[in-house]
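Peer 1: pasting a predicted model and its sequence here:
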Amino acid sequence: MALAVDPLDEEKPPPKPTVKEIRPGVFQVGGVLLEKSKRQISFPVLINMHEGLLEYILVTGKGKTHESLLVTLTEPYHIHVAMLLLGVKGAAGKEVPEDPRRPIPGEPFSIELSWKKDGKTIRAPVEQFVRNRLLKKPMKPGPFTYNGSIVFEGMFIAHRDGNLFSLITAPAALANNPRMGRHDDENWEAIKKGLPPLDGNATLIVKLLAPMAKLMEMEKRDKVGNIVGQPEEGLWHKRGESNPYSGVVAGHYKNGQMESKRVYEKGVQVGTETHWYDNGNKRLELVYKEGKVTALKQWDADGKEQRK
């Protein structure tokens, strides 16, 4: 679909949003709803494509509407301000690399689509509506990366160009796709199944996720800052950072499949640590409380639980 666009608007600076608290912890940031406790923002979108090649998840009427799954009337700068209020820093001047093997600087977040059908609210991750043409299956579930676009000669480029959440490498977009295949502008296509009708109303829910570090980046330090072994007393840090780490730590096989995931809170391991075989089946679960293992489950490579 095509949204009406003022041709002179590209030269205008983006309008500053009015920020209003509508109830404790919930703010209206221009056309964006911000919920601090949920670490999420949401705003209205329209279903733009059911089939065909995609380069973007979301654009405005000034963007590549012929290659975007969704389109919105929401100002890109309002989305950006709302994300800044959630604490994002984006790429912070770092390069968004073309090489898909290199990580994109910024914060991880999830994208869900929400809409009404027969009086009921339906929510689905946006990945299920995008197909990886090379692999011939839906896009791999997982986060996108908020890099925050760029400013050039005083112009916020996401506002000028209207390309917001990208599937291909696009430094000027607000957010990018960190998956392999982002270098290929013919790798992604729309999946119609499950989508609302074309031009149908929906809400896009953008949820900021816990930071994610690589396993190799972690080290345990004692009270005076010396690196210690895993069984010894100390707090976990991301290498090069002074504060104890809070967030997710992931390990991967060479094929990109996740091997393990751990959660840390102020340097202490908490929650569930999960390991997978390289075929994707779950291998091990360890439940932590205050840094100590309280429960354990194991599975064989075929997915059968091993009971002791």
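Peer 2: The structure has been received and is ready for your questions. All values reported here derive from a predicted model rather than from experimental measurement.
Peer 1: what about the helices in the stretch 101-250 of the chain?
Peer 2: Taking DSSP state H, counting those that start in this stretch as the criterion, the stretch 101-250 of the chain carries its helices at 157-161.
Peer 1: so where's it uncertain?
Peer 2: 212 (pLDDT under 70).
Peer 1: could you rerun that using 50?
Peer 2: Counting by pLDDT under 50, the stretch 101-250 of the chain contains no low-confidence residues.
Peer 1: would you mind finding the longest helix in the protein?
Peer 2: Taking DSSP state H as the criterion, the chain has its longest helix at helix 76-85.
Peer 1: dump that helix to CSV, keeping only the CA atoms.
Peer 2: This file holds the C-alpha atoms of helix 76-85, laid out as CSV (Å, rounded to 0.1, in the frame of the first residue of the first chain):
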residue,chain,number,x,y,z
PRO,A,76,10.6,7.4,13.4
TYR,A,77,12.1,10.0,15.8
HIS,A,78,9.3,9.3,18.3
ILE,A,79,10.2,5.6,18.2
HIS,A,80,13.8,6.5,18.7
VAL,A,81,13.1,8.9,21.6
ALA,A,82,11.0,6.2,23.3
MET,A,83,13.8,3.7,22.9
LEU,A,84,16.3,6.2,24.4
LEU,A,85,14.0,6.6,27.4
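Peer 1: quick one, domains of this protein?
Peer 2: Using automatic domain parsing, the domain parsing of the chain gives 9-208, 212-306.
Peer 1: need the winner for burial among these.
Peer 2: Of the domains of the chain, the one with the most neighbours on average (mean count of other CB atoms under 10 Å) is domain 9-208, at a mean of 18. For every residue, glycine as well, the C-beta is placed using N, CA and C.
Peer 1: what's Ser42 in contact with, if anything?
Peer 2: Each residue near Ser42 by CB atoms under 8 Å, 6 or more residues apart in numbering is listed here: 32-33, 35, 114, 203-206.
Peer 1: next structured bit after the helix or strand it falls within?
Peer 2: Secondary structure assignment for Ser42, by DSSP states H and E: strand 40-47. Downstream of strand 40-47, the next assigned helix or strand under DSSP H and E is strand 56-59.
Peer 1: strands along the stretch 201-308 of the chain, start to end?
Peer 2: Using DSSP state E, counting those that start in this stretch, the strands found in the stretch 201-308 of the chain span residues 201-208, 212-214, 218-221, 227-228, 235-238, 247-252, 258-265, 268-276, 282-289, 292-299, 305-306.
Peer 1: and the first one, what does it pack against?
Peer 2: Using 3 or more CB pairs under 8 Å, 6 or more residues apart in numbering; DSSP states H and E as the contact criterion, the elements in contact with strand 201-208 are strand 40-47, helix 76-85, strand 107-117.
Peer 1: tell me which of those sits nearest to Glu189.
Peer 2: strand 40-47 (15.2 Å; CB to CB).
Peer 1: touching, Phe129 and Ser68? I think so.
Peer 2: No: in this structure Phe129 lies outside contact range of Ser68 using CB atoms under 8 Å: 11.8 Å.
Peer 1: residue contacts, the closest residue to Arg123 other than its chain neighbours?
Peer 2: Excluding the flanking residues, the one nearest Arg123 by CB to CB, 6 or more residues apart in numbering is Ser114, at 4.7 Å. By CB under 8 Å, 6+ apart, Ser114 lies in contact with 42, 121-123, 202-205.
Peer 1: quick one: contacts for the closest residue to Glu127 other than its chain neighbours?
Peer 2: Once flanking residues are discounted, Glu127 sits nearest to Met139: 4.2 Å by CB to CB, 6+ apart. Counting by CB under 8 Å, 6+ apart, Met139 touches 127-128, 130-132, 179, 188.
Peer 1: same thing with Met83?
Peer 2: Residues in contact with Met83 (CB under 8 Å, 6+ apart) are 41, 90, 146, 148, 174, 206, 208.
Peer 1: which of the residues you listed lies closest to Val249?
Peer 2: The nearest member of those to Val249, counting by CB to CB, is Leu208 at 17.5 Å.
Peer 1: was I right about the closest one contacting Leu86?
Peer 2: Yes: using CB under 8 Å, Leu208 is in contact with Leu86, at 5.2 Å.
Peer 1: what do the two both touch?
Peer 2: Shared contacts of Leu208 and Leu86 (CB under 8 Å, 6+ apart): 39-40.
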